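A.B. asks: model this:
(chains A and B)
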Amino acid sequence: MYFAGVDIGSTMTKVVLTDAADNILSSVKGPTGPEHRQLANEVMKRVLDQAKLKLDDISYIVATGYGRVNVPFADEQITELSCHARGVSSLFPGVRTAIDIGGQDAKCMKIRNGKLVDFVMNDKCAAGTGRFLEVTAATLGIKLDDLGALSLKSTKKIEISNVCTIFAQQEIVARLSEGEKVEDIIAGLHHAVASRVAILARRLKVEPDVVLTGGVAKNIGVVTAMREALGCEILVPEEPLLTGALGAAILARENYDKAGKRGEPVTTKGRRLEKATFFTK
Amino acid sequence: MTIQKSKLIQGLSWAHEIYADREQRVRELKAAGKKIIGYPCAYVPLEMLTALDLVPYRIYGSIREPVTEADRSLPATFCPFMRSCLDRALKGKDDFLDGLVTAHSCDPQHRTAHVWESCVEYSYTHFIDMPGTLRADSMDYYKGQLADFKKTLEAYTGKKLTADKLKAAIKIHNQQRALVRDMYQLTIPDPPLISGTEILETIKAVMSLPVAEGNELLAGVISEVKSRSKGPPKRRARLMIWSSTLDDTEVMNVFESSANVVMDDSCGGFRPFRANVKPTADPIDGLADYYMNEITCARTFRQAAIGETKKDYPKDLASRFGYVKTIVKDWKINGAILFLVRYCDPFAFEMPSFKDYLNSIGVPSTYIEYDYTVGALAPMKTRVEAFIETIT
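C.D. replies: Have a look, this model is predicted:
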């Protein structure tokens, strides 16, 4: 038996295929982006090809993330908060606080016994999210993937005071003209993101184990800054982008099992491997 | 009696029609010579308007309409509801209003009222000051404010506001409060017999009609809902919404797509109807007691004991929010959404305490802030659904 989790985030679309024991059989990440956002079906096809499976081989599919609302081949929609909580706790059974920093939002989740019990999310502002780092990397002419390693070379602490993405950009330009080094500025940015997210997390009272996920967790500079800001160890999964999709696949398996126990038929009718849309009719 | 040309339907369809086009009836009444008095908040004693045959009309903002005009006169980081109300007035949207009555329910309304009165032409305006804390002397001060209101109303209408007229108006407004409470009884069954959306439409319609017609509408809605065979579907949770203002069905739909909204403590909902005005020898005393003590808006601070030098937090919470306890039990509420309009200081300050109180009586809650625009609804849906996933 096979299960799938489809996580359509603001920036990346992630799909994970699992078996009845929640082992990951295959996974694919692809950009959601303005041109690609309707191509979740392509990502799904790739993951199925990788595992040499067909859509009908999948017993149950859960969609999550901002684009979950209308994935024409999903059997159920569950929010990314519950899915992240489930995915993270399968990888780190002792987790009590999970922090996910994605493309357009940052969320902190309180987890007890593998279940989401409370959460906070940032508001509409992009400060303290992946987009903030994307925009500032572009301003500095540096690849997003290089930010983390570069910031570790920093020798001087620079405060980036502005938490607004647009104004932080102006501040960076001003700091550059003052002759500050790029690595110090980047380290300052990482601290700005970390302190912003730490404020959000403290609303829930941070308790260990703390796990950081989302694309931003791949940036070692932010992880280091988060450790400092929260004053505790922070665990990062090997694939921090996939926890939402993994959680969705596990919840797919659990909900399928539950329905089976209740003797309810699981309907997977009406699945169409078509473009996903963000817009419900 | 004026003729109601518009009213050919009854019950929920009538409520829906007035909700969608709120001004149709007051425009007819104005054409027939009635004076229409707008008010933006539950702290205006409508009984005093009704007693003098003035038609009260609740002013709302609009989450669907971008604010373009009000920014000339108001700061941008400011209550988006008041900005939207003033914006619509500046655009001439409620141009049928003869008068405007405002109250110091909060600083934004107080300050906006002064801008409003000077930028838009009305034949009558009045501002009622309100004490922010409940004390014995605040009541004396507030009664003085109501005496002033009476004076300006008498001058405007050229009629005497007698105790008898006021008592009759209180009676009919109390009937309205009782009818609204009867309507909320229909959400006690599981699934509820009436949806939060239908209630919101009905109450907004009621606040767009003269009180007697509003009562007729409510009676029609209640009897229709009781006799219909198909009500709202059963959802995963029974929610209560605590809010300063919740006035658009788009917002209610976000909650009701995954839960049954069975109760609210909101200005466009249960709050102005929760209690009755008590009968008193001087009807002004009953009104003062009602508007100061009985409306459970965060704008009035209810400390457990004035003069005590050490704060007893649990006692304080019970004194401020105790009214919720029986509601939670009777309506079998299993979750609350604390729904705040951005920059609403009174509710933002009250929220952590209210959350503590709900925790103490075992009701899980989540806090959602929105900026009073439809654009904010997509991320809100995720928060609402995730909250319901945590409590079910």
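A.B. asks: on contacts alone, who are the packing partners of whichever strand or helix holds B:Q109?
C.D. replies: Take DSSP states H and E as the rule and B:Q109 turns out to sit in helix B:107-119. If you count contacts as 3 or more Cβ pairs under 8 Å, 6 or more residues apart in numbering or on different chains; DSSP states H and E, helix B:107-119 packs onto helix B:80-90, strand B:99-103, strand B:124-128. (C-beta placed from N, C-alpha, C; glycine too.)
A.B. asks: Get me the contact residues on the stretch 151-281 of chain A for chain B.
C.D. replies: Nowhere does the stretch 151-281 of chain A come near chain B, counting by Cβ under 8 Å from any Cβ of the partner chain.
A.B. asks: quick one: the helices in the stretch 151-281 of chain A?
C.D. replies: For the stretch 151-281 of chain A, the helices defined by DSSP state H, counting those that start in this stretch occupy A:165-177, A:182-202, A:220-230, A:243-261.
A.B. asks: Summarise which helices and strands the third one is packed against.
C.D. replies: Under the contact criterion of 3+ Cβ pairs under 8 Å, 6+ apart, the helices and strands touching helix A:220-230 comprise helix A:147-151, helix A:182-202, strand A:210-213, strand A:234-235.
A.B. asks: quick one: which of the helices of the stretch 151-281 of chain A is nearest B:T296?
C.D. replies: Taking Cβ to Cβ, helix A:182-202 is the member of the helices of the stretch 151-281 of chain A nearest to B:T296, at 30.1 Å.
A.B. asks: pLDDT (mean, whole number) over the closest one?
C.D. replies: For helix A:182-202, mean pLDDT rounds to 90.
A.B. asks: Next: stretch B:285-298.
C.D. replies: 94.
A.B. asks: Please apply the same query to stretch B:201-218.
C.D. replies: Mean predicted lDDT for stretch B:201-218 stands at 97.
A.B. asks: Residue numbers of the stretch 1-150 of chain A in contact with chain B?
C.D. replies: Checking the stretch 1-150 of chain A against chain B by Cβ under 8 Å from any Cβ, the hits are A:66, A:78-82, A:105, A:115-119, A:121, A:123-124.
A.B. asks: Restricted to buried residues, select those in PyMOL.
C.D. replies: Restricted to buried positions by 16 or more other Cβ atoms under 10 Å in any protein chain shown, the PyMOL selection for the residues of the stretch 1-150 of chain A next to chain B reads:
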select buried, chain A and resi 66+78+79+80+81+82+105+116+118+119+121
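A.B. asks: Out of the helices and strands packed on helix B:107-119, which gets nearest to chain A?
C.D. replies: helix B:80-90 (13.0 Å; Cβ to the nearest Cβ).
A.B. asks: so what secondary structure elements neighbour the closest one?
C.D. replies: Helices and strands touching helix B:80-90, by 3+ Cβ pairs under 8 Å, 6+ apart, are helix B:107-119.
A.B. asks: What are the buried residues along the helix it packs on?
C.D. replies: Buried, per 16+ other Cβ under 10 Å, within helix B:107-119: B:108-113, B:115-116.
A.B. asks: Equivalent analysis for stretch B:90-99, please.
C.D. replies: For stretch B:90-99, a neighbour-count test (16+ other Cβ under 10 Å) marks B:90, B:94, B:97-99 as buried.
A.B. asks: got the angle for the helix holding B:Q109 vs strand B:124-128?
C.D. replies: 160 degrees (axes from the mean of the first three to the mean of the last three Cα atoms, to 10 degrees).
A.B. asks: ok, and what's touching helix B:107-119?
C.D. replies: Contact with helix B:107-119 is made by B:40-41, B:73-74, B:78-79, B:82-83, B:85-86, B:89-90, B:100, B:102-104, B:125, B:127, B:343, B:345, as judged by Cβ atoms under 8 Å, 6 or more residues apart in numbering or on different chains.
A.B. asks: Any of the residues you listed buried? List them.
C.D. replies: Buried members of the contacts of helix B:107-119, scored by 16+ other Cβ under 10 Å, are B:40-41, B:74, B:78-79, B:82-83, B:85-86, B:89-90, B:100, B:102-104, B:125, B:127, B:343.
A.B. asks: got any ranges where the chain has weak pLDDT?
C.D. replies: Here I'm looking at chain A. A:33-38, A:123-127, A:162-163, A:276-281 (pLDDT under 70).
A.B. asks: I was after chain B.
C.D. replies: Along chain B, segments meeting pLDDT under 70 span B:1-7, B:304-307.
A.B. asks: Tell me the residues of it that contact chain A?
C.D. replies: Proximity of chain B to chain A, by Cβ under 8 Å from any Cβ, involves residues B:366, B:369, B:371, B:376, B:378-379, B:382-383, B:385-387, B:389-390.
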